[in-house]
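this one's structure only:
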């Protein structure tokens, strides 16, 4: 069965370190998204991609970067982790078009100390 | 920019009863989709129901139905015959589309409503 996976599921890091969160989908979807979930804010869009070599900034992109070298993967990098980036991170993918349901990964809980 | 507001941080309901979760949104666009997502304690995001803005008929999925009021920019979720498994955080979400119904994919979420179903 097709799926979308995230790793690691839990991560503790220190302020200033570089961190990369992995996202891998086997749906063969063109569209991939990264969101962060914080209490009182719901989920907010960080970055998104509509295909290989395409990346776009979302609502809360400062301090984050992504790259899309193949269809299956969209890794999210925190260049220099800050305590404000402590959050739960969700990756999602969708086929696009009128079939616009987004399929979400299980989430990664990141703690920055 | 689009915004989605859920004004009820928490709701509770007795098993087998009906509950309605509220959502309002703001957009100047005419073509869009609205969604309700469920997030149980497992943290998995699950699509509950979807509404296309050009459709006047309210969407229904088994015990879940919506009341879509486009002019009022309101999109409430009604859960009938509530079950213990309905206990979860519920998110209202919005995405723009073009006139042909193709979605741009990016979701804007509300703050969420925690629903607790009591036995």
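Arrived safely. Keep in mind the model is a prediction, meaning the values are calculated, not measured. Residues are numbered from 1 along each chain as shown, chains lettered A, B, ... in the order given.

which SS class is residue 89?
Using chain A. Three-state call for residue A:89 (DSSP: H, G, I helix; E, B strand; the rest coil): strand.

and if you look at residue B:92?
Residue B:92 - assigned by three-state DSSP - is strand.

quick check: phi and psi at the nearest residue to it once chain neighbours are set aside.
Distances taken as Cβ to Cβ, 6 or more residues apart in numbering or on different chains put residue B:23 closest to residue B:92, at 3.5 Å, once the chain neighbours are dropped. C-betas here are computed from N, CA, C, even on glycine. Torsion angles at residue B:23 (phi, psi; degrees, to the nearest 10) stand at phi -150, psi 130.

check contacts around residue B:23.
Going by Cβ atoms under 8 Å, 6 or more residues apart in numbering or on different chains, residue B:23 touches B:4, B:5, B:6, B:34, B:36, B:74, B:75, B:76, B:77, B:92, B:110.

if we go to 6 Å?
The contact partners of residue B:23, by Cβ atoms under 6 Å, 6 or more residues apart in numbering or on different chains, come to B:6, B:75, B:92, B:110.

adding secondary structure and neighbour count, write those out as a markdown table.
As requested, the contacts of residue B:23 are exported to a markdown table (DSSP: H, G, I helix; E, B strand; the rest coil; neighbours: other Cβ atoms under 10 Å in any protein chain shown):
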| residue | secondary structure | neighbour count |
| --- | --- | --- |
| B:6 | coil | 20 |
| B:75 | strand | 28 |
| B:92 | strand | 27 |
| B:110 | coil | 27 |
